[in-house]
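S.K.: have a look at this prediction, sequence included:
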Amino acid sequence: MTGRAGPRRDRPSLSPAPGRTALAALGTVAILLLAGCGGTGAPGSDARAGGTGTGSALSGTVTVLAAASLTESFDAIKAGLEAAHPGLSVAVSYGSSATLVQQVNQGAPADVLALAGQAAAKPLDQSLVRSTELFASNSLEIAVPPSNPGKVTGLADLARTDLKVVLCETTVPCGKAAAATLARAEVEPHVVSREIDVKATLAKVSLGEADAAIVYRSDVVAAKGAVSGIPIPAKLNTTLHYPVIRLDDEPATRAFVAAVLSPAGRATLTTFGFGPP
């Protein structure tokens, strides 16, 4: 579907997900938004997508590369779109934004790229970009085990040598955001390990292998009680604005992006702790 990696074989159609009110609403909004997109992409695009060029008969596979922090929200959006279009499959791979951009630059097939923060998109080869839209924002929280054995109350505690603190690698957005926040707070944390992305960082806390970590608020919300969140004051916090980047003009690709940007899509993102763009 991307055109850069050659023709794509359509993956087998997925069965519609069980009906839920929120997901059904999401699919409906996606159809309405797609109908207003105004175009069907490059000549021959319908054949590559396996679609008909109409908003009600999408099929084929949309390949999405998304920041790890979007896992739960994009899984829900994917389910809603597939329920509305039984012939359409949305294949989502999650990981570090820096790694995903590198993969796309090296020719990895992708139709949509969704990143944790605008800065993460700077290294992306702009000749590959068809459109960019901001769709959500995220801020940081301190994650601790539910019982908070380290009795962490704020950023200053992270400097204590009796605490095991885990952060994201400094090369990925969650690591850069944490570094900026810690610098504003003038705190040198007692870091015992750095992880490749925010989900791996959060796992250290949820598994009881660390006393505290700095992660996104959305990850604390998505953990559903596996960790507790300690707010970081706004004057010290770092906010990231997430872009969704369309890499081709296929109707199915446009439909996925429209679903993310729709009121129902943004409501889903809000449910998982994201803020407005």
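M.R.: Cool, the structure landed. Since the structure is predicted, the reported quantities are computational estimates derived from the model, not experimental observations. Numbers count the residues shown, from 1 in each chain.

S.K.: give me the phi and psi for Pro231.
M.R.: Pro231 adopts backbone torsions of phi -60, psi 150, taken as degrees, to the nearest 10.

S.K.: also Ala136?
M.R.: phi -160, psi 170.

S.K.: could you list every residue that touches the residue nearest to it when sequence neighbours are not counted?
M.R.: Of all residues not flanking Ala136 in the chain, Phe274 sits nearest, at 4.1 Å (Cβ to Cβ, 6 or more residues apart in numbering). From N, CA and C alone the C-beta is placed, and that goes for glycine too. Neighbouring residues of Phe274 by Cβ atoms under 8 Å, 6 or more residues apart in numbering: Ser73, Ala136, Ser137, Asn138, Ser218, Tyr242.

S.K.: if we go to 7 Å?
M.R.: Taking Cβ atoms under 7 Å, 6 or more residues apart in numbering, we find Phe274 in contact with Ser73, Ala136, Ser137, Asn138, Ser218.

S.K.: next one: Val260
M.R.: Each residue near Val260 by Cβ under 7 Å, 6+ apart is listed here: Ile77, Phe135, Val244.

S.K.: helix, strand or coil for the second one?
M.R.: The local conformation at Phe135, judged by DSSP: H, G, I helix; E, B strand; the rest coil, is strand.

S.K.: is it true that it touches Leu261?
M.R.: Yes. Counting by Cβ atoms under 7 Å, Phe135 touches Leu261, with 5.6 Å between them.

S.K.: Val92 in helix, strand or coil?
M.R.: When classified by three-state DSSP, Val92 comes out as strand.

S.K.: quick check: it vs Val257, distance?
M.R.: Going from Val92 to Val257 by Cβ to Cβ, to the nearest Å gives 13 Å.

S.K.: quick one, which of those two is more surrounded?
M.R.: Comparing Val92 with Val257 by neighbour count (other Cβ atoms under 10 Å), the higher total belongs to Val257, at 26 against 18.

S.K.: gap between that one and Ile214?
M.R.: Taking Cβ to Cβ, one finds Val257 at 30 Å from Ile214.

S.K.: same deal with Thr271?
M.R.: For Thr271, the distance to Ile214 - Cβ to Cβ - is 22 Å.
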